[in-house]
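# Sequence and predicted structure below; questions after.
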Amino acid sequence: MMRVFVVLISVALFGVAKLPAEHALAKAHRDLHFRDVDFNLGLREQIGQLGFVAALSGFRSLVADGLFIQAHVAWERTEWGRVLLLFRQVTTLQPRVILFWDMAAWHMAWNASTAAINNPAQPRLALRIKAQREYFALGKDFLERGIRNNPERPQLYEALGRLYRDKYIDHEHAAEFFGKGAALPEAPSYLKRFAAYELSQCPGHEREAYDRLHALYASGENERLPTLLRRLKEMEIKLDIPLDQRIPDRLP
């Protein structure tokens, strides 16, 4: 009995001793925005038995790469439903790979939506537009979920900003997501310009847009690109900026 008692005490002490390490590991996972892969029946049915076993065995990256290749083949065949299905599994298996989210959104919001609006098998324009917008929404969903899994990376904010700008023609949301991406440490410098450009097309935000554009102009010659100069001139006219405070005109 004494030996059993000693063993139980040892196990209990070991459990208590490892708690701080487990808490630290859990915190590290949260800080890195890891998400658990949902190994459910749906995943098992869609990637097959061997793929499911491989994923369970720690070969998630290998399985995801194989599914990504299959998605590319499905895209070449314009099998949009299969492209969607495969990218959902790819992003589930590898939620920290930016490329997978970005490509999934691009295929849905750009390629599939273009195929839908130009679908010769559907004579009704209203239904083609409906299908097109459904693909826009699928692309947006991929990017939003990708951002939730990778909130510290600017690439998906930029992609979502482009989606709002080019597909929804929603300048306010485009400015918002370009701005969020620009605020991150690894962001390319052009995102700050993109945010200001989009804001300059939002009614009611003229003064804020002018201030941003002027700050970029004042930051140096490298920022004085033709689009920035043109937008800044437009804001000067809209806001009736005094002539002596306007930027100098430049020769074409």
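Cool, got the structure.

# When you work out contacts or count neighbours from here on, use the C-alpha atoms and nothing else.
Noted.

# How about residue 110: what's its closest non-neighbour residue?
Excluding its sequence neighbours, the residue lying closest to residue 110 (C-alpha to C-alpha, 6 or more residues apart in numbering) is residue 136, at 7.7 Å.

# Could you list which residues are in contact with that neighbour?
If a contact means C-alpha atoms under 8 Å, 6 or more residues apart in numbering, then residue 136 has 108-110, 113, 167 as its contacts.

# Can you add distance to residue 144 and pLDDT and give those residues back as CSV?
Formatted as CSV, these follow (distance: C-alpha to C-alpha, whole Å; pLDDT from 0 to 100):
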residue, distance to residue 144, pLDDT
108, 14, 98
109, 13, 98
110, 16, 98
113, 18, 98
167, 16, 98
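
# Pick the one among these closest to residue 239.
Using C-alpha to C-alpha, residue 167 comes nearest to residue 239 of the contacts of residue 136, at 28.9 Å.

# element containing the residue nearest to residue 110?
Residue 136 is part of helix 125-149, with elements assigned from DSSP states H and E.

# in that helix, what's buried?
Of the residues in helix 125-149, 128-129, 131-144, 146-147, 149 count as buried by neighbour count, 16 or more other C-alpha atoms under 10 Å.

# Same question for stretch 199-216.
Neighbour-count burial for stretch 199-216, with 16+ other C-alpha under 10 Å as criterion, is recorded at 199-201, 206, 209-210, 212-214, 216.

# One more: stretch 89-104?
Buried residues in stretch 89-104, counted by 16+ other C-alpha under 10 Å: 89-96, 98, 100-104.

# One more: stretch 243-252?
When burial is assessed from 16+ other C-alpha under 10 Å, stretch 243-252 yields no buried residues.

# average pLDDT for that stretch?
Model confidence over stretch 243-252 averages 79 on the pLDDT scale.

# Format the CA atom coordinates belonging to that stretch as PDB.
Taking Å, rounded to 0.1, in the frame of the first residue of the first chain, the C-alpha atoms of stretch 243-252 are listed here in PDB:
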ATOM      1  CA  LEU A 243      -4.100  78.800 -53.700                       C
ATOM      2  CA  ASP A 244      -1.100  79.600 -51.700                       C
ATOM      3  CA  GLN A 245      -1.500  76.400 -49.800                       C
ATOM      4  CA  ARG A 246      -1.900  74.100 -52.800                       C
ATOM      5  CA  ILE A 247       0.900  71.900 -54.100                       C
ATOM      6  CA  PRO A 248       2.600  73.300 -57.200                       C
ATOM      7  CA  ASP A 249       1.400  72.200 -60.600                       C
ATOM      8  CA  ARG A 250       3.700  69.900 -62.500                       C
ATOM      9  CA  LEU A 251       4.300  69.700 -66.200                       C
ATOM     10  CA  PRO A 252       2.800  66.500 -67.800                       C
END
